[in-house]
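Visitor: here are the coordinates; sequence isn't available:
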């Protein structure tokens with residue numbers, strides 16, 4: 001009786017670990033060649049962007065043509081729109097025209 005109870009508890013523990021492991025999301029992300037920012041553009045962005053943003057993680061999102069940076073908060077890490085000093089989002093010229 002004790003042996004079958006321990007086997008059942010072991011199976012439940014193992015299944016729980018597998019379920020929790022499946023919920024994990026990798027923090028690192030790979031950089032697409034489309035979304036990486038060139039050195040010239042990075043120089044322009046650093047002149048326009050508000051100072052509290054992480055410019056080392058800037059990426060261009062093709063969906064909307066705007067630049068985003070990775071914000072590491074106390075609970076989660078998320079992409080936020082890169083903003084100019086006056087609070088406007090920084091986007092490519094093509095998107096700004098439409």
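Guide: Nice, I can see it. Just so you know, these numbers come straight off a predicted model, no measurement behind them.
Visitor: Who are the packing partners of the longest strand along the chain?
Guide: The longest strand of the chain (DSSP state E) is strand 66-72. Strand 66-72 is packed against strand 59-61, strand 77-81, with contacts defined by 3 or more Cβ pairs under 8 Å, 6 or more residues apart in numbering; DSSP states H and E. No exception for glycine: its C-beta is placed from N, CA and C like everyone else's.
Visitor: quick one: contacts of that strand?
Guide: Residues outside strand 66-72 that contact it (Cβ atoms under 8 Å, 6 or more residues apart in numbering) are 37, 45, 53-55, 57-61, 77-82, 89-92, 95.
Visitor: What residues of that strand count as buried?
Guide: For strand 66-72, a neighbour-count test (16 or more other Cβ atoms under 10 Å) marks 66, 67, 68, 69, 70 as buried.
Visitor: could you give the mean pLDDT of it?
Guide: The average pLDDT for strand 66-72 rounds to 94.
Visitor: Then stretch 45-53?
Guide: 93.
Visitor: Residue 49 is nearest to which of the helices and strands packed on strand 66-72?
Guide: strand 77-81 (10.7 Å; Cβ to Cβ).
Visitor: Output the contacting helices and strands for that closest one.
Guide: Judged by 3+ Cβ pairs under 8 Å, 6+ apart, the packing partners of strand 77-81 are strand 66-72.
Visitor: between the strand it packs on and strand 77-81, how many degrees?
Guide: Angle of strand 66-72 versus strand 77-81, following axes from the mean of the first three to the mean of the last three Cα atoms, to 10 degrees, is 150 degrees.
Visitor: Quick one: end-to-end length of stretch 45-62, please.
Guide: Terminal residues of stretch 45-62 lie 17 Å apart, using Cα to Cα, to the nearest Å.
Visitor: Which positions in it come out as buried?
Guide: Result for stretch 45-62 [16+ other Cβ under 10 Å]: buried residues 45, 49, 53, 57, 58, 59, 60.
Visitor: what residues does that stretch touch?
Guide: So stretch 45-62 is contacted by 31, 34-37, 42, 66-72, 79-80, 82-85, 87, 90, 92 (Cβ under 8 Å, 6+ apart).
Visitor: Kindly reformat the buried residues of stretch 45-62 as TSV and extend each row with distance to residue 11.
Guide: Converted to TSV, these look like this (distance: Cβ to Cβ, whole Å):
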residue	distance to residue 11
45	53
49	53
53	48
57	42
58	47
59	43
60	48
